[in-house]
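Enquirer: sequence first, then the predicted structure, then my questions.
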Number of protein chains: 2
Amino acid sequence: MRAAQTSGVRAQTRRGRPGYDSSEVLEIAVRLFIEKGYDATSVADLAERLGLTKSAVYHHFESKEQLLGLALDEALTGLESALENALANARSAPESFADVIRGAVTVLIERQPYVTLLLRVRGNSPVEHAALERRRLFDTRVTEVVRTAQSQGLVRDDIDAAVATRLIFGMINSLTEWYRPGGTIDADAMAETVLATAMSGLQVR
Amino acid sequence: MRAAQTSGVRAQTRRGRPGYDSSEVLEIAVRLFIEKGYDATSVADLAERLGLTKSAVYHHFESKEQLLGLALDEALTGLESALENALANARSAPESFADVIRGAVTVLIERQPYVTLLLRVRGNSPVEHAALERRRLFDTRVTEVVRTAQSQGLVRDDIDAAVATRLIFGMINSLTEWYRPGGTIDADAMAETVLATAMSGLQVR
């Protein structure tokens, strides 16, 4: 994962200025957007955080919006790939849904800052609007998996498929708020915990 | 509920200016904070939205931070009352937990803008810091209810009580993002849906 590989790395360029590659600039920009809010962050703020001039930042990126677009794409591509893999590999609709849950938890943990940013997007610009559209399409496709599992009698059908999908993704998305990497529960264990809660609930039978 | 009662109401005062009572100013401020972000909203922005002068806004409230404090208190008092009621009425720990879930869903729906604001607080000021502390205390007390239910063998204990609490509140809190009042599912039905998902999961047995 890009963010993990480049975290904190700060090479020196030939010309002796602090040097970053584009993925490092993106990662630092995303952290700043989360901290201050995207709208409240200027390219000057980012330049200051990086210790670069504004024109040096523009050497890497055309605009603040381009950075946002790349960050949101990082999150969305991860979620979409998780869904594609689940649909490609699984043998039944409930297995697909289980794989979507596992895959989404992994993406949330591995790309936490990017997904955090995605979850805060309100559609205030074309880039944000496009990201919300992709997120909606993802939700619709997952809901379809749940609906198929219901029609096969494998998932309870007294809960609307769209509501069930949103509740389960409410659990998953909450990881951006409270999950801290390096703790006692790694990504795989957390994926199994979320899956167990979603499919079997907390009650002892 | 204050917000529902005063929604859109805009009385005329004796002096012919648009008149608001303090709870209306609070409600409109909260919607603006959600729209623009609290940090990015000035008292001048609020005055403009209300069609009042800044000094007329200061007639109602001392500061932007006082408005934030009242809004967060509205959310936290609701959640704390739900917990108190659950503990006072229920006969066993799993029943308390079920009542906490029902109560929290109701508060989220009835005080949606206030809870939305609470969930976005990052602790950037004393008021926000105090709200985060109250939220943490609430989480700790709910976790204790889950832990007691686990020790009684009534809730599965292969999932850490704090993790289970956070996942279930992830589901509940997601309602601020997607639940729209006046749709096909009212607050009571949504509370039962969340409870069923949390306790029994989606899988058919």
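Expert: Structure received.
Enquirer: residues contacting residue A:96?
Expert: The contact partners of residue A:96, taken as CB atoms under 8 Å, 6 or more residues apart in numbering or on different chains, are A:86-87, A:90, A:145, A:149. C-betas here are computed from N, CA, C, even on glycine.
Enquirer: any idea which helix or strand carries residue A:115?
Expert: Assignment of secondary structure by DSSP states H and E places residue A:115 within helix A:112-120.
Enquirer: may I see the buried residues of the helix or strand following that helix?
Expert: Stepping forward along the backbone from helix A:112-120, the first helix or strand reached (DSSP H and E) is helix A:126-151. Residues of helix A:126-151 classed as buried under the neighbour-count rule (16 or more other CB atoms under 10 Å in any protein chain shown) are A:127-128, A:130-131, A:134-135, A:138-139, A:142-150.
Enquirer: for the helix or strand that contains residue A:59, which helices and strands make contact with it?
Expert: Mapping residue A:59 onto the secondary structure by DSSP H and E places it in helix A:54-60. For helix A:54-60, the packing partners by 3 or more CB pairs under 8 Å, 6 or more residues apart in numbering or on different chains; DSSP states H and E come out as helix A:22-36, helix A:43-50.
Enquirer: cutoff 10 Å now
Expert: With contacts defined as 3 or more CB pairs under 10 Å, 6 or more residues apart in numbering or on different chains; DSSP states H and E, the packing partners of helix A:54-60 are helix A:22-36, helix A:43-50, helix A:64-89.
Enquirer: the first one to helix A:64-89, inter-axis angle?
Expert: Read it as helix A:22-36. In this structure, helix A:22-36 runs at an angle of 100 degrees to helix A:64-89, with axes from the mean of the first three to the mean of the last three CA atoms, to 10 degrees as the basis.
Enquirer: other SSEs contacting helix A:22-36?
Expert: Taking 3+ CB pairs under 10 Å, 6+ apart as the contact definition, the neighbouring helices and strands of helix A:22-36 are helix A:2-6, helix A:43-50, helix A:54-60, helix A:64-89, helix A:112-120.
Enquirer: I'd like the mean pLDDT over that helix, please.
Expert: Average pLDDT, helix A:22-36: 93.
Enquirer: distance between it and the chain's centre?
Expert: Relative to the chain's own centre, helix A:22-36 is displaced by 14 Å; criterion: CA atoms, centre = their mean, to the nearest Å.
Enquirer: I'd like the helices and strands packed on helix A:54-60 as TSV, with distance to residue A:172 and mean neighbour count appended.
Expert: Formatted as TSV, the entries for the helices and strands packed on helix A:54-60 read as follows, by distance: least, CB to CB, whole Å; neighbours: other CB atoms under 10 Å in any protein chain shown:
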stretch	distance to residue A:172	mean neighbour count
helix A:22-36	18	20
helix A:43-50	30	16
helix A:64-89	10	19
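Enquirer: TSV for the ones you listed, including distance to residue B:166?
Expert: Conversion of these to TSV gives the following (distance: least, CB to CB, whole Å):
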stretch	distance to residue B:166
helix A:22-36	19
helix A:43-50	30
helix A:64-89	21
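Enquirer: quick one on the thing from earlier: buried residues in the helix holding residue A:115, which are they?
Expert: For helix A:112-120, the buried set under the neighbour-count rule, 16+ other CB under 10 Å, comprises A:112-119.
Enquirer: got the CA coordinates for that helix in PDB?
Expert: Coordinates of each C-alpha in helix A:112-120 appear next as PDB, following Å, rounded to 0.1, in the frame of the first residue of the first chain:
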ATOM      1  CA  GLN A 112      -7.600   4.400   6.400                       C
ATOM      2  CA  PRO A 113      -6.800   8.100   5.600                       C
ATOM      3  CA  TYR A 114      -8.100   7.800   2.000                       C
ATOM      4  CA  VAL A 115     -11.300   6.200   3.100                       C
ATOM      5  CA  THR A 116     -11.700   8.700   6.000                       C
ATOM      6  CA  LEU A 117     -11.600  11.400   3.400                       C
ATOM      7  CA  LEU A 118     -14.000   9.600   1.100                       C
ATOM      8  CA  LEU A 119     -16.500   9.300   4.000                       C
ATOM      9  CA  ARG A 120     -16.400  13.100   4.600                       C
END
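Enquirer: quick one: is that helix near chain B?
Expert: Yes. When contact is scored as CB under 10 Å from any CB of the partner chain, part of helix A:112-120 falls within range of chain B: A:119-120.
Enquirer: output the contacting helices and strands for that helix.
Expert: Helices and strands touching helix A:112-120, by 3+ CB pairs under 10 Å, 6+ apart, are helix A:2-6, helix A:22-36, helix A:64-89, helix A:93-110, helix A:126-151, helix A:161-178.
Enquirer: what's the angle between it and helix B:161-178?
Expert: 40 degrees.
Enquirer: can you list the low-confidence ranges for chain A?
Expert: A:1-18 (pLDDT under 70).
Enquirer: what sits against residue A:144?
Expert: With contact taken as CB atoms under 10 Å, 6 or more residues apart in numbering or on different chains, residue A:144 is in contact with A:87, A:93, A:96, A:161-162, A:165.
Enquirer: tell me which two of the residues you listed sit farthest apart.
Expert: With CB to CB as the measure, no two of those lie farther apart than A:87 and A:162, at 18.3 Å.
Enquirer: return the distance of stretch A:194-205 from the chain's centre.
Expert: Remark: stretch A:194-205 is offset 24 Å from the chain centroid, using CA atoms, centre = their mean.
Enquirer: end to end, how far does that stretch reach?
Expert: 18 Å (CA to CA, to the nearest Å).
Enquirer: domain parsing of chain A, as residue ranges.
Expert: Per automatic domain parsing, the structural domains of chain A span A:2-61, A:66-200.
Enquirer: end-to-end on the last one?
Expert: Separation of the first and last residues of domain A:66-200 by CA to CA is 42 Å.
Enquirer: how distant is that domain from the center of its chain?
Expert: The offset between the C-alpha centroid of domain A:66-200 and the centroid of the whole chain comes to 8 Å, using CA atoms, centre = their mean.
Enquirer: quick one on the thing from earlier: can you lay out the domains of chain A as TSV showing distance to residue B:38?
Expert: Below are these laid out as TSV (distance: least, CB to CB, whole Å):
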stretch	distance to residue B:38
domain A:2-61	9
domain A:66-200	13
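Enquirer: for residue B:36, which of those is the nearest?
Expert: Using CB to CB as the measure, domain A:2-61 is the one of the domains of chain A that comes nearest residue B:36, at 7.8 Å.
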